[in-house]
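Asks: Build the 3D model from these lines:
(4 chains)
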2 protein chains.
Amino acid sequence: MDQVEIFKALSNKTRLQILGWLKEPAAHFPEQPAGADFETVGVCVGQIQIKSGLSQSTISEYLSILQRADLISSTRIGQWTYYKRNKEGVEKLSEIINTAL
Amino acid sequence: MDQVEIFKALSNKTRLQILGWLKEPAAHFPEQPAGADFETVGVCVGQIQIKSGLSQSTISEYLSILQRADLISSTRIGQWTYYKRNKEGVEKLSEIINTAL
DNA sequence: TTGGTATATCGGGAAATTCCGATATACCTT
DNA sequence: AAGGTATATCGGAATTTCCCGATATACCAA
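Replies: Got it, this is the predicted structure:
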(Lines give C-alpha, C1' and ligand atoms only; values in the text may rest on other atoms or scores of the structure.)
Protein backbone atom coordinates (compact mmCIF):
# COMPACT_ATOMS: atom_id res chain seq x y z
CA MET A 1 0.00 0.00 0.00
CA ASP A 2 1.30 3.35 -1.06
CA GLN A 3 1.84 5.70 1.87
CA VAL A 4 0.32 8.60 -0.01
CA GLU A 5 -2.92 6.66 -0.49
CA ILE A 6 -3.23 6.25 3.26
CA PHE A 7 -2.95 9.98 3.83
CA LYS A 8 -5.34 10.67 0.95
CA ALA A 9 -7.87 8.38 2.55
CA LEU A 10 -7.72 10.48 5.71
CA SER A 11 -7.63 13.86 4.00
CA ASN A 12 -11.40 14.21 4.10
CA LYS A 13 -13.48 15.24 7.09
CA THR A 14 -16.11 12.54 6.72
CA ARG A 15 -13.64 9.71 6.19
CA LEU A 16 -11.61 10.85 9.18
CA GLN A 17 -14.78 10.88 11.28
CA ILE A 18 -15.79 7.42 10.13
CA LEU A 19 -12.48 5.95 11.25
CA GLY A 20 -12.91 7.73 14.58
CA TRP A 21 -16.43 6.36 14.99
CA LEU A 22 -15.25 2.84 14.21
CA LYS A 23 -12.64 3.08 16.94
CA GLU A 24 -15.46 3.14 19.50
CA PRO A 25 -18.54 1.79 17.76
CA ALA A 26 -20.60 1.30 20.92
CA ALA A 27 -20.26 4.99 21.71
CA HIS A 28 -21.41 6.08 18.27
CA PHE A 29 -23.88 3.53 16.91
CA PRO A 30 -27.03 1.70 18.00
CA GLU A 31 -27.29 -2.09 17.95
CA GLN A 32 -26.54 -3.77 14.67
CA PRO A 33 -28.94 -5.85 12.57
CA ALA A 34 -28.69 -9.64 12.26
CA GLY A 35 -27.53 -9.93 15.86
CA ALA A 36 -24.07 -8.90 14.74
CA ASP A 37 -21.89 -7.29 17.36
CA PHE A 38 -19.34 -4.52 17.06
CA GLU A 39 -16.34 -6.50 18.26
CA THR A 40 -16.60 -9.26 15.72
CA VAL A 41 -17.89 -7.61 12.58
CA GLY A 42 -18.24 -3.88 13.14
CA VAL A 43 -20.92 -1.51 11.91
CA CYS A 44 -23.10 -1.85 8.84
CA VAL A 45 -22.98 0.65 5.99
CA GLY A 46 -26.49 1.99 6.57
CA GLN A 47 -25.74 3.12 10.12
CA ILE A 48 -22.58 4.88 9.03
CA GLN A 49 -24.44 6.53 6.19
CA ILE A 50 -27.19 7.84 8.46
CA LYS A 51 -24.70 9.23 10.95
CA SER A 52 -22.66 10.91 8.23
CA GLY A 53 -25.59 12.67 6.59
CA LEU A 54 -24.15 12.02 3.13
CA SER A 55 -25.67 9.88 0.41
CA GLN A 56 -25.55 6.09 0.35
CA SER A 57 -23.36 5.97 -2.74
CA THR A 58 -20.87 8.44 -1.32
CA ILE A 59 -20.47 6.51 1.91
CA SER A 60 -20.11 3.21 0.10
CA GLU A 61 -17.30 4.74 -1.92
CA TYR A 62 -15.66 6.33 1.13
CA LEU A 63 -15.67 3.00 2.93
CA SER A 64 -13.95 1.34 0.03
CA ILE A 65 -11.33 4.09 -0.03
CA LEU A 66 -10.63 3.49 3.67
CA GLN A 67 -10.51 -0.23 3.03
CA ARG A 68 -8.07 0.10 0.13
CA ALA A 69 -5.85 2.03 2.53
CA ASP A 70 -6.03 -0.95 4.92
CA LEU A 71 -7.52 1.20 7.64
CA ILE A 72 -10.77 -0.78 7.87
CA SER A 73 -11.97 -4.24 6.82
CA SER A 74 -15.36 -5.62 5.86
CA THR A 75 -17.51 -8.69 6.41
CA ARG A 76 -20.69 -9.56 4.57
CA ILE A 77 -23.51 -11.11 6.58
CA GLY A 78 -26.74 -11.65 4.70
CA GLN A 79 -27.68 -8.42 3.05
CA TRP A 80 -25.46 -6.32 5.26
CA THR A 81 -21.83 -5.36 4.93
CA TYR A 82 -20.14 -4.56 8.21
CA TYR A 83 -17.02 -2.46 8.41
CA LYS A 84 -14.63 -2.28 11.30
CA ARG A 85 -11.37 -0.57 12.14
CA ASN A 86 -8.27 -2.50 11.10
CA LYS A 87 -5.92 -2.33 14.07
CA GLU A 88 -2.88 -3.45 12.06
CA GLY A 89 -3.41 -0.82 9.38
CA VAL A 90 -3.73 2.01 11.87
CA GLU A 91 -0.65 0.79 13.71
CA LYS A 92 1.26 0.69 10.46
CA LEU A 93 0.33 4.31 9.83
CA SER A 94 1.53 5.20 13.30
CA GLU A 95 4.86 3.55 12.50
CA ILE A 96 5.20 5.48 9.28
CA ILE A 97 4.80 8.72 11.18
CA ASN A 98 7.25 7.70 13.87
CA THR A 99 9.96 6.38 11.61
CA ALA A 100 9.72 8.18 8.28
CA LEU A 101 8.41 11.64 9.18
CA MET B 1 -5.05 23.50 13.15
CA ASP B 2 -7.65 21.34 11.51
CA GLN B 3 -6.75 17.65 11.52
CA VAL B 4 -7.90 17.24 7.94
CA GLU B 5 -5.45 19.91 6.80
CA ILE B 6 -2.59 17.93 8.28
CA PHE B 7 -3.53 14.84 6.33
CA LYS B 8 -4.10 16.89 3.18
CA ALA B 9 -0.61 18.30 3.53
CA LEU B 10 0.77 14.76 3.51
CA SER B 11 -1.48 13.40 0.78
CA ASN B 12 1.00 14.25 -1.95
CA LYS B 13 4.09 12.26 -2.86
CA THR B 14 6.45 15.22 -3.07
CA ARG B 15 5.30 16.82 0.18
CA LEU B 16 5.61 13.50 1.98
CA GLN B 17 9.14 13.12 0.61
CA ILE B 18 10.10 16.63 1.67
CA LEU B 19 9.10 15.95 5.26
CA GLY B 20 11.08 12.72 5.13
CA TRP B 21 14.14 14.52 3.78
CA LEU B 22 13.90 17.15 6.48
CA LYS B 23 13.91 14.48 9.16
CA GLU B 24 17.51 13.68 8.19
CA PRO B 25 18.82 16.67 6.29
CA ALA B 26 22.49 15.67 6.42
CA ALA B 27 21.65 12.43 4.64
CA HIS B 28 19.77 14.17 1.84
CA PHE B 29 21.29 17.58 1.25
CA PRO B 30 24.71 19.18 0.70
CA GLU B 31 25.99 21.98 2.87
CA GLN B 32 23.82 25.03 3.17
CA PRO B 33 24.66 28.56 2.06
CA ALA B 34 25.45 31.38 4.47
CA GLY B 35 27.19 28.96 6.82
CA ALA B 36 23.78 27.88 8.09
CA ASP B 37 23.62 24.42 9.56
CA PHE B 38 20.84 21.88 9.44
CA GLU B 39 20.25 21.62 13.18
CA THR B 40 19.57 25.27 13.76
CA VAL B 41 17.78 26.45 10.64
CA GLY B 42 17.25 23.53 8.28
CA VAL B 43 17.49 23.44 4.51
CA CYS B 44 17.00 26.29 2.06
CA VAL B 45 14.23 26.27 -0.53
CA GLY B 46 16.56 26.01 -3.51
CA GLN B 47 18.11 22.73 -2.34
CA ILE B 48 14.70 21.21 -1.74
CA GLN B 49 13.54 22.39 -5.13
CA ILE B 50 16.50 20.86 -6.93
CA LYS B 51 16.09 17.53 -5.17
CA SER B 52 12.35 17.41 -5.90
CA GLY B 53 12.68 18.10 -9.61
CA LEU B 54 9.58 20.31 -9.55
CA SER B 55 9.42 24.02 -10.27
CA GLN B 56 10.48 26.71 -7.86
CA SER B 57 6.97 28.08 -7.50
CA THR B 58 5.49 24.68 -6.80
CA ILE B 59 7.99 23.89 -4.07
CA SER B 60 7.55 27.28 -2.48
CA GLU B 61 3.81 26.59 -2.30
CA TYR B 62 4.29 23.05 -1.01
CA LEU B 63 6.54 24.28 1.76
CA SER B 64 3.94 26.77 2.85
CA ILE B 65 1.29 24.03 2.88
CA LEU B 66 3.50 21.93 5.15
CA GLN B 67 4.15 24.95 7.31
CA ARG B 68 0.45 25.79 7.66
CA ALA B 69 -0.02 22.23 8.87
CA ASP B 70 2.64 22.91 11.53
CA LEU B 71 4.80 20.11 10.21
CA ILE B 72 7.74 22.37 9.35
CA SER B 73 8.91 25.86 10.30
CA SER B 74 10.95 28.50 8.51
CA THR B 75 13.70 30.99 9.20
CA ARG B 76 14.86 33.73 6.89
CA ILE B 77 18.60 34.44 6.74
CA GLY B 78 19.68 36.98 4.18
CA GLN B 79 18.20 36.00 0.85
CA TRP B 80 17.55 32.44 1.88
CA THR B 81 14.59 30.88 3.62
CA TYR B 82 15.42 27.71 5.52
CA TYR B 83 12.83 25.15 6.39
CA LYS B 84 13.11 22.46 8.99
CA ARG B 85 10.97 19.72 10.46
CA ASN B 86 8.80 20.81 13.36
CA LYS B 87 9.15 18.10 15.99
CA GLU B 88 6.10 19.21 17.97
CA GLY B 89 3.83 19.19 14.95
CA VAL B 90 4.87 15.70 13.90
CA GLU B 91 4.42 14.46 17.46
CA LYS B 92 0.98 16.00 17.56
CA LEU B 93 0.06 14.09 14.41
CA SER B 94 1.33 10.91 16.01
CA GLU B 95 -0.94 11.57 18.98
CA ILE B 96 -3.94 12.11 16.76
CA ILE B 97 -3.38 8.71 15.19
CA ASN B 98 -2.89 7.02 18.52
CA THR B 99 -5.83 8.56 20.31
CA ALA B 100 -8.49 9.40 17.73
CA LEU B 101 -8.05 6.77 15.02
C1' DT C 1 -40.92 -15.92 -8.70
C1' DT C 2 -41.94 -11.46 -7.09
C1' DG C 3 -40.99 -7.75 -4.32
C1' DG C 4 -38.28 -5.53 -0.71
C1' DT C 5 -33.99 -4.14 1.53
C1' DA C 6 -28.83 -3.30 1.65
C1' DT C 7 -24.87 -2.18 -0.76
C1' DA C 8 -21.97 -1.37 -4.94
C1' DT C 9 -21.11 0.73 -9.24
C1' DC C 10 -21.78 4.18 -12.92
C1' DG C 11 -21.95 8.84 -15.01
C1' DG C 12 -21.31 13.38 -14.22
C1' DG C 13 -21.34 18.51 -12.55
C1' DA C 14 -18.96 21.34 -9.31
C1' DA C 15 -15.11 22.29 -6.57
C1' DA C 16 -10.37 21.52 -5.20
C1' DT C 17 -5.66 20.21 -6.19
C1' DT C 18 -1.52 19.85 -9.05
C1' DC C 19 1.96 22.06 -11.16
C1' DC C 20 3.54 25.34 -14.39
C1' DG C 21 5.51 30.02 -16.30
C1' DA C 22 5.42 34.82 -15.46
C1' DT C 23 5.94 38.26 -12.36
C1' DA C 24 6.60 40.53 -7.82
C1' DT C 25 9.26 41.11 -3.68
C1' DA C 26 13.24 40.95 -0.74
C1' DC C 27 17.86 41.12 0.00
C1' DC C 28 22.70 41.34 -1.27
C1' DT C 29 26.73 43.26 -3.89
C1' DT C 30 29.13 46.64 -6.30
C1' DA D 1 21.38 53.12 -7.84
C1' DA D 2 21.69 48.91 -10.70
C1' DG D 3 22.00 44.22 -11.41
C1' DG D 4 21.91 39.54 -9.54
C1' DT D 5 20.09 35.83 -6.66
C1' DA D 6 16.45 33.58 -3.66
C1' DT D 7 11.85 33.11 -2.64
C1' DA D 8 6.82 34.28 -2.83
C1' DT D 9 2.71 35.21 -5.23
C1' DC D 10 -0.39 35.24 -9.28
C1' DG D 11 -3.14 33.31 -13.13
C1' DG D 12 -4.39 29.36 -15.29
C1' DA D 13 -4.72 24.61 -17.82
C1' DA D 14 -5.09 19.88 -16.65
C1' DT D 15 -6.28 16.51 -13.44
C1' DT D 16 -8.38 14.77 -9.31
C1' DT D 17 -11.71 14.76 -5.66
C1' DC D 18 -16.28 15.45 -3.82
C1' DC D 19 -20.71 14.10 -3.73
C1' DC D 20 -24.91 13.31 -5.97
C1' DG D 21 -28.91 10.55 -8.37
C1' DA D 22 -29.75 6.60 -11.14
C1' DT D 23 -29.02 2.03 -11.76
C1' DA D 24 -27.07 -2.66 -10.97
C1' DT D 25 -26.28 -6.47 -7.93
C1' DA D 26 -26.93 -9.45 -3.98
C1' DC D 27 -29.58 -11.42 -0.69
C1' DC D 28 -33.85 -12.35 1.83
C1' DA D 29 -38.85 -13.33 2.60
C1' DA D 30 -43.38 -14.58 1.13
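Asks: only C-alpha atoms for contact and neighbour calcs from this point on.
Replies: OK.
Asks: State the helix or strand in which A:A26 lies.
Replies: In this assignment (DSSP states H and E), A:A26 forms part of helix A:25-28.
Asks: Pull out the buried positions in that helix.
Replies: In terms of neighbour count (16 or more other C-alpha atoms under 10 Å in any protein chain shown), helix A:25-28 has its buried residues at A:P25.
Asks: Show me what it is packed up against.
Replies: Packing partners of helix A:25-28 (3 or more C-alpha pairs under 8 Å, 6 or more residues apart in numbering or on different chains; DSSP states H and E): none among the helices and strands.
Asks: next SSE after it?
Replies: The element immediately downstream of helix A:25-28 (helix or strand, assigned by DSSP H and E) is strand A:43-44.
Asks: Just checking the following helix or strand past that following strand against DNA strand D, any contact.
Replies: Following the chain from strand A:43-44 toward its C-terminal end, the next helix or strand by DSSP H and E is helix A:45-52. No. Under the criterion of C-alpha under 7 Å from any atom of the strand, helix A:45-52 makes no contact with DNA strand D; the nearest approach is 8.9 Å.
Asks: Setting aside sequence neighbours, what's the nearest residue to A:W21?
Replies: Nearest-residue entry for A:W21: A:H28, 6.0 Å, with adjacent residues in sequence omitted and distances by C-alpha to C-alpha, 6 or more residues apart in numbering or on different chains.
Asks: Show the pLDDT at the one you found.
Replies: pLDDT, A:H28: 95.
Asks: Verify the contact between it and A:L19 for me.
Replies: No. With contacts defined as C-alpha atoms under 8 Å, A:H28 does not count as touching A:L19, sitting 11.4 Å away.
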